[in-house]
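1. please work out how this folds:
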Amino acid sequence: MVYFIARFLALLSAAVFLAGSFPGHAKTIEIPSGSPLSVELLRHAPMRAGEPIEGRLLYPVFVENRIAIPAGSILHGRVIRLDPDRSRRIHSLLRGDFTPFDIPVVQFDQVVVEDGPPQAIVCDSVKDGMVILRLSAPPVQKKGSFIGRQWSEAKRKVVETTALFTAPGRGDRLVQFVYGQLPYHPQRIETGTTWTVELAQPIHLQLTEDPSAGSADPPLAGTKDPVTGQPADLSKRPPKQVAGWQLRAYLQRSISSAKDKPGDTFEAYVAEPVFNSDHALEVPEGSLLVGEITQAKPARSFGRQGKLRFHFKELRFPTGFSQPVEGSLAGADSNKSANLQIDPEGGVAPQAVNRVVAPLILTFLAGRAFDTDENRTFNHAVASNGFGILGRIVGMVVSSRNVAAGIGFYGAALSFYDLWLARGHNVVFAKETRIEITTTPRGSKLKASDAPQ
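-> I've put the predicted structure just below:
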C-alpha cells in the first residue's frame with residue numbers, strides 16, 4: 001500500500017513538472033500599486049458627471065522585465081465629477097464666450113488584457129487630461145534674424161491652418177469652429193485626451209509563458225550583473241551599448257521653469273527594460289535616473305517665455321548598483337496646447353509665436369468700418385472681430401461705424417496684449433510625464449540630436 005501511494009505521488013509530481021514545461025504554462029504576476037498607466041480616450045465623450053469613457057493603453061507595462069499589459073489594451077472608466085476651469089472661463093468671457101468651461105475628473109476601474117475578460121482595477125482619480133504632442137529634438141538650425149523668425153512662423157501657421165481644412169475629420173473641426181464662435185456652446189472631452197493614472201492597489205494577472213521563445217530577461221552582458229548588485233565590465237559589452245542607451249521613463253515629480261532652480265535634483269522611473277544585441281539585459285525596468293536642473297528661466301511679462309534645461313547624471317539599478325551617466329532629453333509627451341519644443345541640446349521652451357501679423361490684420365480690419373463705400377453692413381461685419389459672433393451681430397445691427405470699429409479695435413488690443421504685454425508661458429512637466437532620455441557612460445559626448453529616431 002505504501003508502495004502504491006509513493007508511486008502515485010511521484011507520478012503526480014512528474015505531471016506537475018511536465019505541465020509547467022509545456023507552452024501555455026500560466027504564471028501569476030503582480031503589478032504593484034503606484035505603477036503609471038497612460039490612457040488615451042478612444043472617442044469623444046460629453047462633458048458630464050457619470051459619463052462612461054473608454055481608452056487604450058498608450059505604452060506597455062513591464063513587470064520583471066516582461067510585458068505584463070501590452071500597449072493597446074482597453075480600459076473602462078467614467079467621469080466622476082466636473083471641476084470649474086476658472087482661468088479658461090475668464091479668458092473666454094473677455095472674448096464673448098460665456099460657456100462655463102469645466103475640467104473632467106476621471107477614474108478607470110477595468111482593464112481588458114489581450115481580449116480577455118474585463119478585470120477590475122483600482123486607480124486614483126485624475127483630472128490633468130490633455131491632448132498630447134510627442135516632442136523630439138530637431139537637428140541643429142541657425143537662429144536667424146527676428147524678421148526671418150517671424151516669417152518662418154507665419155509660413156508654419158499657414159501650413160497648420162491649411163491642414164485643418166484638408167486633413168481627415170475636417171467636418172467635425174468645422175462644427176467645433178462654428179461652436180467656438182457662439183456665446184454659449186456644448187462641451188465635450190476630445191478624442192485623444194490622455195491621462196496618466198496610478199494604480200491605487202496592485203493588479204494580479206495570469207501570464208502565459210512560452211519556453212520556446214527563450215528567456216526575456218537573460219543576465220547582463222559582462223562579468224558581473226547589475227541585477228545582482230555587482231558592477232559589470234563595460235569593455236565586454238557590445239560597442240553599440242557602450243555608445244549609449246535610449247531610456248523611456250516617467251518623472252517622479254513635476255518640474256517647472258517657474259519653481260525649480262539650477263542645482264535642484266529629481267528622479268525618473270525607467271518604465272521599459274533595455275536589452276543589447278545579444279538579448280542580454282542592460283538596464284532593468286524599475287531603475288531610477290537622477291536628473292539635475294541646469295537652467296530654469298521663469299516666464300515674465302512682455303511675452304518673455306520660460307525656459308527649462310536639465311540633464312541626467314546617474315542611473316541607479318533596482319539592487320542599488322549605480323552607474324554614472326551623461327543623459328539628455330531626446331523626447332517627451334507634452335500638452336499640445338502648451339506648444340513646447342526641444343532644442344538640439346535638450347532645452348525646452350514654448351515655440352516662437354508670430355507677434356506681428358495678427359495685431360496688424362485685426363487693426364486693418366477694424367479700420368474697414370470707416371470705409372465710405374455703400375456696402376456698410378459688410379464692412380461692419382468684417383470690422384467687428386473682437387467679441388466672437390456676438391460682436392459681429394452687434395456691429396451689423398447697430399449700424400454705427402464707431403461701434404463696429406470699437407469692437408474691432410478691442411479685438412486688436414486683446415491680441416496685442418496677449419502677444420506683447422502679457423506674461424509668457426512657463427515650461428511645466430507634470431508628475432508621471434513620459435520622457436525619452438539618451439544616456440552614455442560618463443565622459444562620452446552624445447547630444448539629444450544624435451539620438452536614434
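
2. in contact with residue 190, which residues are there?
-> 41, 44, 131 (C-beta atoms under 8 Å, 6 or more residues apart in numbering). Every C-beta, even on glycine, is put in place using the N, C-alpha and C of the backbone.

3. list buried residues within those residues.
-> Taking 16 or more other C-beta atoms under 10 Å as the criterion, what is buried in the contacts of residue 190 is residue 41.

4. okay, the contacts of residue 190 in JSON lines with pLDDT, distance to residue 383 and secondary structure next?
-> Formatted as JSON lines, these follow (pLDDT from 0 to 100; distance: C-beta to C-beta, whole Å; DSSP: H, G, I helix; E, B strand; the rest coil):
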{"residue": "41", "pLDDT": "96", "distance to residue 383": "40", "secondary structure": "strand"}
{"residue": "44", "pLDDT": "93", "distance to residue 383": "35", "secondary structure": "coil"}
{"residue": "131", "pLDDT": "89", "distance to residue 383": "34", "secondary structure": "strand"}
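
5. going by distance to residue 56, which of the contacts of residue 190 wins?
-> residue 41 (8.6 Å; C-beta to C-beta).

6. pipe the contacts of residue 190 into a markdown table and attach distance to residue 313 per row.
-> Formatted as a markdown table, the contacts of residue 190 follow (distance: C-beta to C-beta, whole Å):
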| residue | distance to residue 313 |
| --- | --- |
| 41 | 37 |
| 44 | 43 |
| 131 | 33 |
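
7. residue 53: neighbour count?
-> Other residues near residue 53 come to 24 when the count uses other C-beta atoms under 10 Å.

8. list the contacts for it?
-> So residue 53 contacts 41, 45, 76, 77, 78, 79, 106, 189 (C-beta under 8 Å, 6+ apart).

9. report the two of the residues you listed separated the most.
-> 76 and 189 (14.6 Å).

10. just the closest of the contacts of residue 53 to residue 299, please.
-> residue 189 (28.0 Å).

11. once you drop chain neighbours, what's closest to residue 189?
-> Nearest non-adjacent residue to residue 189, counting by C-beta to C-beta, 6 or more residues apart in numbering: residue 45, 4.5 Å away.

12. read off the pLDDT value for the one you found.
-> If you check residue 45, the pLDDT there is 95.

13. any idea how far it lies from residue 181?
-> 23 Å (C-beta to C-beta, to the nearest Å).

14. the more surrounded of the two?
-> A side-by-side neighbour count of residue 45 and residue 181, using other C-beta under 10 Å, places residue 45 first with 21 against 14.

15. show me how this structure divides into domains.
-> Domains of the chain are assigned by automatic domain parsing as 23-142+160-198, 217-339+425-450, 357-421.

16. could those domains go into TSV alongside distance to residue 349?
-> Formatted as TSV, the domains of the chain follow (distance: least, C-beta to C-beta, whole Å):
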stretch	distance to residue 349
domain 23-142+160-198	11
domain 217-339+425-450	4
domain 357-421	16
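
17. looking at those, which is nearest to residue 205?
-> domain 23-142+160-198 (5.6 Å).

18. quick check: the gap between residue 381 and residue 387.
-> 13 Å.

19. can you give me the strands in the stretch 1-150 of the chain?
-> Applying DSSP state E, counting those that start in this stretch to the stretch 1-150 of the chain gives strands spanning 25-31, 36-41, 45-46, 52-57, 61-63, 66-69, 74-84, 102-112, 119-120, 130-136.

20. what about the residue nearest to residue 189, distance to residue 31?
-> Per C-beta to C-beta, residue 45 is found 26 Å from residue 31.

21. likewise for residue 427?
-> On the measure of C-beta to C-beta, residue 427 and residue 31 end up 32 Å apart.

22. between those two, who's got more neighbours?
-> Using other C-beta under 10 Å as the criterion, residue 427 and residue 31 rank with residue 427 on top: 25 against 20.

23. residue contacts, that one?
-> Applying C-beta under 8 Å, 6+ apart, the residues near residue 427 are 256, 257, 306, 307, 308, 338, 340, 348, 349, 350.

24. now, the residues you listed that are in strands?
-> Of the contacts of residue 427, the ones assigned to strands by DSSP state E are 256, 307, 308, 340, 348, 349, 350.

25. and which of the residues you listed is nearest residue 69?
-> residue 340 (28.5 Å).

26. okay, the closest residue to the closest one other than its chain neighbours: pLDDT?
-> Of all residues beyond its chain neighbours, the one nearest residue 340 is residue 334 (4.7 Å), with distances taken as C-beta to C-beta, 6+ apart. With respect to pLDDT, residue 334 scores 90.

27. does residue 334 belong to a helix, a strand or coil?
-> strand (DSSP: H, G, I helix; E, B strand; the rest coil).

28. state the number of residues packed around it.
-> Residue 334: 24 neighbours (other C-beta under 10 Å).

29. I'd say it and residue 135 touch.
-> Yes. At 5.3 Å, residue 334 counts as touching residue 135 under the criterion of C-beta atoms under 8 Å.

30. shared neighbours of the two, anything?
-> Joint contacts of residue 334 and residue 135 (C-beta under 8 Å, 6+ apart) are residue 340.

31. isn't residue 38 up against residue 57?
-> Yes. Here residue 38 reaches residue 57: they are 6.8 Å apart, a contact under C-beta under 8 Å.

32. any idea how far residue 41 is from residue 97?
-> Applying C-beta to C-beta to residue 97 and residue 41 gives a distance of 23 Å.

33. next, the contact list for residue 262, please.
-> Taking C-beta under 8 Å, 6+ apart, we find residue 262 in contact with 293, 294, 295, 296.

34. ok, and the most crowded of those residues?
-> Using other C-beta under 10 Å as the neighbour criterion, residue 296 leads the contacts of residue 262 with 22 neighbours.

35. what's across from that residue in the sheet?
-> As for beta bridges, residue 296 partners with residue 308 under DSSP bridges.

36. list the contacts of it.
-> Residue 296 sits next to 256, 257, 258, 260, 261, 262, 264, 307, 308, 309 when contact means C-beta under 8 Å, 6+ apart.

37. can I assume the third one is in contact with residue 299?
-> Yes. Between residue 258 and residue 299 there is a contact under C-beta under 8 Å: 6.8 Å.
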